[in-house]
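**Q** quick one, structure for this:
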Amino acid sequence: MNTTKKTLVITFALVMISQLPCAGAQRDPGLPNPQVTPGAINPAVKQSNIYSTICVSGYTKTIRPPSSYTNHIKHSQLDSGYNYRGDTNASDYEEDHLVPLEVGGNPSSIKNLFPQPWLVTWNAGKKDRLENKMHSLVCSGAISLAAAQKVFMTNWIAGYQKYFLK
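**A** Coordinates of the predicted model:
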């Protein structure tokens, strides 16, 4: 192996190791790695325009990126170590928006997309249920857009427990 290839392999390994949680600080497999996927907000969606954006029926269909875009990202993330217990079978994951489009998440930012495993307790189905709840609360005026976004950018599992398991 030549020096350039060795350097690339070592660099890749260091990047992947830096993305692992610290000992004793394991994250649930349903949560994204916050260093890789911190979440991102759609700058076009603001509290002042929710009734002409996210609260309009069918709005997310107009901004959702095509599966060809998200599938490419999902495969790349799974192949680079963003997988659960080495499982790189793409059908075992949903390429999900950490901050959902329904509450003003950025549709195409890599910082807002992660391969969420289906075969875990806190899976994409549970997150989808929370997404619908937060959307309903924002559009009814019960909570602010920023509060709903924060639920996902901090720990959506804690949000699920708060809103469904009180």
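**Q** now Tyr51: how far from Tyr160?
**A** 26 Å (C-beta to C-beta, to the nearest Å). Placement of C-beta: from N, CA and C, glycine included.
**Q** between those two, which one's more packed in?
**A** Tyr160 (18 against 10; other C-beta atoms under 10 Å).
**Q** ok, the more buried one - contacts?
**A** Trp122, Lys126, Lys127, Arg129, Leu130 (C-beta atoms under 8 Å, 6 or more residues apart in numbering).
**Q** let's see that with 7 Å instead.
**A** Lys126, Leu130 (C-beta atoms under 7 Å, 6 or more residues apart in numbering).
**Q** what's the answer for Gln77, then?
**A** Per C-beta under 7 Å, 6+ apart, neighbours of Gln77: Phe114, Pro115.
**Q** measure it to Leu137 for me?
**A** 30 Å.
**Q** from Gly105, how far out is the residue lying closest to Leu137 once chain neighbours are set aside?
**A** Spatially, and ignoring its direct neighbours in sequence, Leu137 is nearest to Ile143 (4.6 Å; C-beta to C-beta, 6 or more residues apart in numbering). Taking C-beta to C-beta as the measure, Ile143 falls 16 Å from Gly105.
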